[in-house]
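Asks: structure of the sequence below:
(one chain, ligands or ions: 1)
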Amino acid sequence: MDFVEYSDADMMMISVARHLSRDLREALARRDRVLFAVPGGTTPGPVFDMLAAVDMEWEAVDIVPGDERWLPEDHPRSNAGQVRARLLRDKAAAATLLSLWRDVPTPEEGAPLVAEALAPHLPVDVALVGMGTDMHTASLFPGAEGLEAALASDAPAVLPISAPGAPEPRVTLSARILREAFALHVLITGDEKRAAIERAQKLSPMEAPIAALLSKATVHWAP
Ligand SMILES: O=C1O[C@H](COP(=O)(O)O)[C@@H](O)[C@H](O)[C@H]1O
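Replies: Modelled structure (predicted):
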């Protein structure tokens, strides 16, 4: 993996927003429409804020959350809700959000519908992912029911997954889809996550799902 260390989180957020703008512009020069996968969680908000103000051809950008809780967009724990609030505004309001949620009772019923709708947009051009201290990325959680299927080299694009201890079921992009992105960035902060990503390099993706992406990724870390 490429590892980039920053002296503080503000510097990192600025730099990652610049990397993503450059990668998106390069993708826009290659394809008529580009697909940008983004994380949920507490870390990426400042990157979203900066990206939203960047002048580019946002009307040709489709944005997909890398994972989603099986909840409607207006729920406070919806990743799509956060993306709409923090990223799809200002200049980036012209982008299109591709939701991973459908109004059907379970992710098992919804994931194939979402995968079918996503298929014409693939591959992902630019992906930003986060990581938990348990080494999960997107909703690829160690010990999750559905993890093996989501790590398979022929996995569907979108799968249902149940994270151990998480309050609601989820869907996630498969490791294959994230790994196939032309540009893949991991955004993490803090000593615990640094230790976790160093450990992950020595573990299998079943033990440390982030390991499935590291050969392709640039990891951005700040204290
Ligand atoms: O559950 C999730 O967690 C990870 C990491 O979140 P963070 O709050 O530690 O930044 C996130 O990347 C993922 O998209 C999210 O659904």
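
Asks: how about the one helix or strand Met13 maps to: buried residues?
Replies: Element membership for Met13, per DSSP states H and E: helix 9-30. Counting neighbours by 16 or more other Cβ atoms under 10 Å, one finds that the buried residues in helix 9-30 are 9, 12-13, 16-17, 19-21, 23-24, 27-28. No exception for glycine: its C-beta is placed from N, CA and C like everyone else's.

Asks: likewise for stretch 77-90?
Replies: Using 16+ other Cβ under 10 Å as the test for burial, stretch 77-90 gives 78-84, 86-88.

Asks: swap in stretch 159-171?
Replies: Going through stretch 159-171 with 16+ other Cβ under 10 Å, the ones that come out buried are 159-163, 169-171.

Asks: just flag the most distant two among those.
Replies: Longest distance between any two of the buried residues of stretch 159-171 is 12.6 Å, between Leu159 and Ala163; criterion Cβ to Cβ.

Asks: the helices in the protein, which residues?
Replies: In the chain, the helices defined using DSSP state H lie at 9-30, 45-52, 79-86, 107-118, 147-151, 175-179, 191-200.

Asks: looking at those helices, which is nearest to the ligand?
Replies: helix 79-86 (5.6 Å; Cβ to the nearest ligand atom).

Asks: packing partners of the closest one?
Replies: Contact here means 3 or more Cβ pairs under 8 Å, 6 or more residues apart in numbering; DSSP states H and E; on that basis helix 79-86 packs against helix 45-52, strand 61-65, strand 67-69, strand 96-97.

Asks: of those, flag the one that's most buried.
Replies: With neighbours defined by mean count of other Cβ atoms under 10 Å, none of the helices and strands packed on helix 79-86 is more surrounded on average than strand 67-69, at a mean of 27.

Asks: what's in contact with that strand?
Replies: Strand 67-69 is contacted by residues 39-40, 75, 77-80, 99-101, 138-140, 161, 166, 168-173 when judged by Cβ atoms under 8 Å, 6 or more residues apart in numbering.

Asks: that one: how far from the chain's middle?
Replies: Between the centre of strand 67-69 and the centre of its host chain there is 10 Å, according to Cα atoms, centre = their mean, to the nearest Å.

Asks: tell me the strands beside that strand, with direction?
Replies: In the sheet containing strand 67-69, the strands it pairs with under DSSP bridges are strand 170-173 (antiparallel).

Asks: what mean pLDDT would you report for the strand it pairs with?
Replies: For strand 170-173, the per-residue pLDDT values average out at 98.

Asks: outside of it, which residues touch it?
Replies: By Cβ under 8 Å, 6+ apart, the list of residues contacting strand 170-173 from outside reads 37, 64, 66-70, 100-101, 107, 110-111, 114, 124, 138-140, 150, 157-163.

Asks: again, but for stretch 54-62
Replies: Stretch 54-62 has contacts (Cβ under 8 Å, 6+ apart) with 17, 21, 24-25, 28, 32-36, 91-98, 121.

Asks: show me which residues of that stretch are buried.
Replies: 54, 56, 58, 60-62.

Asks: do the same with stretch 101-110
Replies: 101-102, 107, 110.

Asks: got JSON lines for those residues, with distance to the ligand too?
Replies: Rendered in JSON lines, the data for the buried residues of stretch 101-110 read as follows (distance: Cβ to the nearest ligand atom, whole Å):
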{"residue": "Trp101", "distance to the ligand": "13"}
{"residue": "Arg102", "distance to the ligand": "18"}
{"residue": "Pro107", "distance to the ligand": "13"}
{"residue": "Gly110", "distance to the ligand": "16"}
